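Colleague: could you work out the structure for the sequence below:
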Amino acid sequence: MFDNVRADYAAHGRDCGAQGFWVMLVYRFGRWRYGIRPALLRKPASLLYKILYKLVQILTGIELPCEAVVGRNFVIDHFGGIIVSGYARFGDNCRIRNGVVVGLRRVDEPCAPEIGDNVDIGAGAKLLGPIKVGDNVVIGANAVVLTDVPANSIAIGVPAIIKPRRVEALKGVAL
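Modeller: Next up, the predicted model:
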């Protein structure tokens, strides 16, 4: 847990006041508490997690349950209006911004997006349903993504149109 917290701190610009870092701190604690044995000791940690989760949700407007799987260096760039389903999966080095929803398309279909490494999700984007987003993908602001996005692509528009990224745009860019 502490290695992930240090990495999250660095990814958020070593700013303790960054609301995204607060969310990640509570998220990492929530994941860590699952490993506490025996269950009697885990109960108080679970209660503390639920209180912290709700407090951070109220203060930041970000909903990131510990059931979601999030990789290293996950950055929440701007706070407010971010909702991530507990079924979602994120790879390493992903970035999301305000107004993003990563969730279910239908309530009776509990499948959320699976997002690869080095994915940048623009403000207001919506990724819904059992879709897969490949590595090195950029999701444009306000895009509505309802289909799979292959690696090294860009998804823009409503509904999202998927285009390959230009090779020269990838040279020298650290994602």
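Colleague: contacts only, for Asp117.
Modeller: Asp117 is in contact with 71, 91-94, 135-136, counting by CB atoms under 8 Å, 6 or more residues apart in numbering. C-beta coordinates here come from the backbone N, C-alpha and C atoms, glycine included.
Colleague: between those, which has the most around it?
Modeller: Within those, Cys94 tops the neighbour count with 24 neighbours, counted by other CB atoms under 10 Å.
Colleague: so the residue lying closest to that one once chain neighbours are set aside versus Asp108, what's the distance?
Modeller: In space, Cys94 comes closest to Val119 once its chain neighbours are excluded; the distance is 4.8 Å by CB to CB, 6 or more residues apart in numbering. As judged by CB to CB, to the nearest Å, Val119 and Asp108 stand 27 Å apart.
Colleague: so for the two, which sits in the more crowded spot?
Modeller: Set side by side, Val119 and Asp108 show more neighbours around Val119, with 26 against 6, by other CB under 10 Å.
Colleague: neighbours of Arg14, how many?
Modeller: Arg14: 10 surrounding residues under other CB under 10 Å.
Colleague: pLDDT score for it?
Modeller: pLDDT, the model's per-residue confidence, is 93 for Arg14.
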